[in-house]
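1. Okay, sequence plus prediction incoming.
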Amino acid sequence: MQLLRRCGSAKGVTLDQLPLGASARIAAVDWTLLVPEEAQRLRALGIDEGARVKLAYRGVFFGRDPLAVEIGRMTVALRRAHARAMTVEQQEA
């Protein structure tokens with residue numbers, strides 16, 4: 001909840017807004033924002049509602065792509081546009 005207050009959005013925080021190193025749970029995914037094949041690939045990797053994730057890296061160039069997200073023992077590279085489709089809830093430490 002403290003992340004939600006800090007970002008000031010009543011709708012929630014998207015995965016691309018999560019601070020580096022912060023753990024969160026994916027609360028919702030707007031699959032309509034993604035191409036069906038990309039959505040299917042993300043689901044196959046376990047990136048879906050309820051998954052626990054951690055933002056490990058942000059790109060350094062313009063656009064800040066890609067994002068590296070830890071999910072379980074995997075690290076997955078995501079485009080920022082994909083991360084924007086995912087609303088997350090920060091986990092308490």
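-> Yep, that arrived. Numbering: from 1, shown residues only.
2. Pick out the residue nearest the middle of the protein.
-> For the chain, the residue sitting closest to the mean C-alpha position, by Cα atoms, centre = their mean, is Leu15 at 2.8 Å.
3. In this structure that residue contacts Ala81, no?
-> No: with contacts counted by Cβ atoms under 8 Å, Leu15 stays clear of Ala81, the gap being 10.9 Å. The C-beta positions use only the backbone N, C-alpha and C, and glycine is treated the same way.
4. Can you give me the pLDDT of Arg64?
-> Arg64 is assigned a pLDDT of 78 by the prediction.
5. Distance of it relative to Ala51?
-> According to Cβ to Cβ, to the nearest Å, Arg64 stands 22 Å off from Ala51.
6. Just want to know which of these two has more residues nearby.
-> Ala51 (19 against 11; other Cβ atoms under 10 Å).
7. Quick check: the gap between Arg80 and Arg73.
-> When Cβ to Cβ is applied, the distance between Arg80 and Arg73 equals 24 Å.
8. The two - which one has more neighbours?
-> When Arg80 and Arg73 are compared for neighbours, Arg80 comes out ahead with 16 against 5, by other Cβ under 10 Å.
9. Can you show me the CA trace of stretch 68-80 as PDB?
-> Written as PDB, here are the backbone C-alpha positions of stretch 68-80 (Å, rounded to 0.1, in the frame of the first residue of the first chain):
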ATOM      1  CA  ALA A  68      14.400  -7.900 -16.000                       C
ATOM      2  CA  VAL A  69      11.800  -9.500 -13.800                       C
ATOM      3  CA  GLU A  70      12.600 -12.400 -11.400                       C
ATOM      4  CA  ILE A  71       9.800 -14.900 -11.100                       C
ATOM      5  CA  GLY A  72      10.600 -18.000  -9.000                       C
ATOM      6  CA  ARG A  73      14.100 -19.000 -10.000                       C
ATOM      7  CA  MET A  74      13.900 -17.500 -13.500                       C
ATOM      8  CA  THR A  75      14.800 -14.000 -14.700                       C
ATOM      9  CA  VAL A  76      12.700 -12.900 -17.700                       C
ATOM     10  CA  ALA A  77      13.200  -9.900 -19.900                       C
ATOM     11  CA  LEU A  78      10.000  -7.900 -20.600                       C
ATOM     12  CA  ARG A  79       9.300  -4.900 -22.700                       C
ATOM     13  CA  ARG A  80       8.100  -1.900 -20.800                       C
END
